[in-house]
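[1] below are the sequence and a predicted model for it; my questions follow.
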Amino acid sequence: MNKERSFPEGFLWGGALAANQCEGAYNIDGKGLSVADVLPNGITGKIMSSDEGHYPFHDAIDFYHRYKDDIALFAEMGFKCLRLSIAWTRIYPNGDDTQANEIGLKHYEDVFNELLKHNIQPMVTICHYDMPLALVKKYGGWRDRKLIDLYVRYSKTLFERYKDQVKLWLTFNEINIISHFPFTGGGLLLDESDENREQIIYQSAHHQFVASALAVGECHKIIPDAKIGCMLAFIPFYPYSCDPDDVLAAYEQQQEQLLFSDIQALGEYSNFAQSYFAKKGINIEFSAGDDAALKDNKVDFVSFSYYMSCAYSANPEGKETTDGNILGGVKNPYLETSDFGWQLDPKGLRYTLNMLYDRYKKPLFIVENGLGAIDTLNENHQIHDDYRISYLKDHLIESKKAIDDGVELLGYTSWGPIDIVSSSTGQLKKRYGFIYVDINDERVGTLNRYKKKSFYWYKELISTNGLSLYK
Ligand code: BGP
C-alpha cells in the first residue's frame, strides 16, 4: 500500500447522527419533550407548542427501533466510528428529575453494544440540539446557573454508566449555535428586539462553558482513558475583497465563532471576547470557581462541522447573498452552491484544519461534513449520487493535504450516513446519506433502506484507508 497517500493508521472513518434527527419514538419509554419536539420546521422555523401540524423530529427515520439493521449497514461500509448523541430527555425526561430513566439508559447501552459487536467505536455527543423542554419552562433555559448542575449530573450519569463502552465524548454540539438560534442552543425564548438579547445569550453561553469544563473534569476522573472534545460549527469567513475594511470585517466575524472554542480549548476568554463584550456592554457574571473550572479542564481535542465557507463584506448592500449552515453571507463569485444554496468549498476545509491546528495545537476531528441534496430513487431502487461522491472526495483530498501539512487529524465522520431529518428546515427531502430512506416530507414511504452508489464508494474508501480517492 502506498503509505504516503493513505490516511494515518487508526484513522477513524465513520458517520455522524443526532438523536433528535434520526430516532423518532419521541414520546415512548419515558422520554420527555425536548426543544426539538416543538420545532415543526426545524431550527430556522417557528416554535409551536401545540400538537397541531406535522413534527418531523417526532418520527424521523425510526432509528430507535431499527438501529440494529442500520448499524449492520454501517458495519458493511467498514465504519470504525459512529458519532451519535444521547437524547437527554430519554435519561432525565424533565432534566431535573431525581432519578435517571433506566429504560433510556438501557437503550443506549444496547446501541453501544451493537456498535462494539461490529468493532465500531461510539463517539457520544452529550447534548445535540435537544435539551429538555421542561428546563425551558421551569428555568428559562441556560440563562439560569442551575442548568450547570443539571447538565453535569446528566453527564456524570452517562460517564458512570458507559465508562467501559464509550471512550470518545463531545460536550455540546456546535456550542456557538446559541448566538444564532438561542432556543435550540440554549432553550432561550427571546424577542429579536430584546435589548438584553446578547447579554442573555452570552451569559447563558458562559454557563455552558462552565458546564462543559466541569463535564470534561468528570470524564477525566471517571474514564481516565477517554478523550473528550468540544464541537464548533465552523465556517471560514473570507474577506469579500482585499479592501482592508473587508479584511477586518471578515476577521471579526471569524473571531466571533472562535471565541467559543478558544474558551474550551485554551481555558479562558480571549482578548477579542473581552473587547467584544466591552464594546457591546455585555457583562459576564462569573461565580467563584468559574475561572479555575475553565482553566483546569481544557478539552483533549477540537472537533467541528464543516460544510461551506462564506465571503464577508464590510459593505454588503447591493451584493448577492447566499444561505448557509447557521449563517449565510455574501456570494463568493469563485464558488458553486449546493441544491440548498450552501457554497461548496473543499479547499476551505484544508484552510480550516491548518488554521485550527495552528491556533490550538490539539488534535482535530471532522465530525460533520457532507452534501445535502435531492436524491432520486429509480425504479430499480438505485440512487446515482455522483454529486455526493464528488463533494466528499474533494473534501477528503483536501483533508489529506492538511494532514500532509502537519495537522493531527483523528478522524472523519460524514454527516447523516443514513438519510435523516434536516435540522435547519425539518425536511426529509434534503438528504446526506450513503443509505436512502424511503420516506418523504408528507411522511409517505415504507422507511425501507436502500444503498446509494456512494455507499459502495465509501466502503472502498475505508477499506483502502483513503487510497481509493486517487484512482
Ligand atoms: C449542523 C448540525 C447538524 C446537521 C447539519 C446539517 O449544523 O449540527 O445537526 O443537521 O448541520 O444541517 P441541515 O440538516 O440543516 O442540512
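    Looks like it came in fine. In this text the structure is predicted, and so the values were computed from the model without any measurement.
[2] nearest residue to residue 432 in space, please, no chain neighbours.
    residue 416 (3.3 Å; CB to CB, 6 or more residues apart in numbering). The way it works is simple: take the backbone N, C-alpha and C, and place the C-beta from them, glycine included.
[3] residues of the stretch 201-350 of the chain that sit close to the ligand?
    233, 305, 325-326 (CB under 6 Å from any ligand atom).
[4] got the buried residues for stretch 229-245?
    By 16 or more other CB atoms under 10 Å, the buried positions in stretch 229-245 come out as 229-240.
[5] give me every residue that touches the most centrally placed residue in the chain.
    The chain has residue 173 as the residue nearest its centroid, 4.5 Å off, counting by CA atoms, centre = their mean. By CB atoms under 8 Å, 6 or more residues apart in numbering, the residues touching residue 173 are 18, 85, 125, 127-129, 231.
[6] so residue 59 touches residue 26, yeah?
    Yes - the pair residue 59 and residue 26 passes the contact test of CB atoms under 8 Å, sitting 7.4 Å apart.
[7] these two: which is more packed in?
    Using other CB atoms under 10 Å, the more surrounded residue of residue 59 and residue 26 is residue 26, with 23 against 17.
[8] tell me the contacts of the nearest residue to residue 58 once chain neighbours are set aside?
    Excluding the flanking residues, the one nearest residue 58 by CB to CB, 6+ apart is residue 26, at 4.3 Å. Counting by CB under 8 Å, 6+ apart, residue 26 touches 33-34, 37, 55, 57-59.
[9] just those residues: which has the poorest pLDDT?
    Lowest pLDDT of the contacts of residue 26: residue 55, 89.
[10] which pLDDT does the model give the closest residue to that one other than its chain neighbours?
    When the adjacent residues along the chain are set aside, residue 55 lies closest to residue 40, with 4.9 Å between them (CB to CB, 6+ apart). Per-residue pLDDT puts residue 40 at 87.
[11] same check, this time on residue 346
    98.
[12] same check on the one 5 residues further on?
    In the prediction, the pLDDT value recorded for residue 351 is 98.
[13] host element of it?
    helix 346-360 (DSSP states H and E).
[14] hang on, residue 205 in a helix?
    Yes - Residue 205: assigned to a helix according to DSSP: H, G, I helix; E, B strand; the rest coil.
[15] how close does it get to residue 269?
    11 Å (CB to CB, to the nearest Å).
[16] so if I had to pick from those two, which one is more boxed in?
    residue 205 (23 against 19).
[17] show me what residue of the stretch 251-400 of the chain gets nearest to the ligand.
    residue 372 (4.3 Å; CB to the nearest ligand atom).
[18] next, count neighbours for that residue.
    23.
[19] and it, what are its phi and psi?
    With angles defined as degrees, to the nearest 10, residue 372 sits at phi -80, psi 120.
[20] leaving out chain neighbours, which residue sits closest to it?
    residue 430 (4.3 Å).
[21] quick check: that neighbour touching residue 338?
    No - contact between residue 430 and residue 338 fails when scored by CB under 8 Å: they sit 9.4 Å apart.
[22] overlap in contacts, those two.
    372-373.
[23] who has more neighbours out of the two?
    The neighbour count for residue 430 versus residue 338, taken as other CB under 10 Å, is higher for residue 430 (24 against 20).
[24] how far away is that one from the ligand?
    Taking CB to the nearest ligand atom, to the nearest Å as the measure, residue 430 falls 5 Å from the ligand.
[25] which residues touch that residue?
    With CB under 8 Å, 6+ apart, residue 430 has these contacts: 339-340, 372-374, 422.
[26] go with 7 Å
    Taking CB atoms under 7 Å, 6 or more residues apart in numbering, we find residue 430 in contact with 340, 372, 422.
[27] tell me what the helix holding residue 351 is packed against?
    strand 301-305, strand 364-368, helix 386-405 (3 or more CB pairs under 7 Å, 6 or more residues apart in numbering; DSSP states H and E).
[28] look up how far residue 370 lies from the residue nearest to residue 371 when sequence neighbours are not counted.
    Of all residues not flanking residue 371 in the chain, residue 391 sits nearest, at 4.0 Å (CB to CB, 6+ apart). Distance of residue 391 to residue 370, computed by CB to CB: 7 Å.
[29] count the neighbours of residue 10 for me.
    When neighbours are counted by other CB under 10 Å, residue 10 registers 9.
[30] which SS state does it fall under?
    coil.
[31] quickly note the distance from it to residue 409.
    Counting by CB to CB, the gap from residue 10 to residue 409 is 11 Å.
[32] go on, residue 151?
    From residue 151 to residue 409 the distance is 29 Å (CB to CB).
[33] if we can go back for a sec, deepest-packed of the helices and strands packed on helix 346-360, please.
    Among these, strand 364-368 has the highest mean neighbour count (mean count of other CB atoms under 10 Å), at a mean of 26.
[34] so which residues make contact with that strand?
    16, 83, 229, 231, 301-306, 353, 356-357, 399, 407-413, 415.
[35] cutoff 6 Å now
    16, 83, 301-303, 305, 356-357, 409-413, 415 (CB atoms under 6 Å, 6 or more residues apart in numbering).
[36] and if you look at stretch 102-111?
    By CB under 6 Å, 6+ apart, stretch 102-111 touches 29-30, 67, 86, 90-91, 161.
[37] stretch 87-98 now?
    By CB under 6 Å, 6+ apart, stretch 87-98 touches 19, 30-32, 34, 100-101, 104, 127, 130-132, 134-135, 150, 154.
[38] determine how far it lies from the middle of the whole chain.
    On the basis of CA atoms, centre = their mean, to the nearest Å, stretch 87-98 sits 21 Å off its chain's mean C-alpha point.
[39] same check, this time on stretch 39-57
    So, by CA atoms, centre = their mean, the centroid of stretch 39-57 is 20 Å from its chain's centroid.
[40] same check, this time on stretch 458-471
    Centre to centre, stretch against its chain (CA atoms, centre = their mean), the figure for stretch 458-471 is 25 Å.
[41] over to stretch 392-400?
    Taking mean C-alpha positions (CA atoms, centre = their mean), stretch 392-400 and its chain are 19 Å apart.
[42] output that stretch as CSV, nothing but the C-alphas.
    Extracted in CSV, the C-alpha atoms of stretch 392-400 (Å, rounded to 0.1, in the frame of the first residue of the first chain):
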residue,chain,number,x,y,z
LEU,A,392,-16.9,14.0,-0.3
LYS,A,393,-13.9,13.1,-2.5
ASP,A,394,-12.9,16.7,-2.9
HIS,A,395,-13.2,17.4,0.8
LEU,A,396,-11.2,14.3,1.7
ILE,A,397,-8.4,15.0,-0.7
GLU,A,398,-8.1,18.5,0.9
SER,A,399,-8.2,16.9,4.4
LYS,A,400,-5.3,14.6,3.4
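[43] cool, thanks, talk later.
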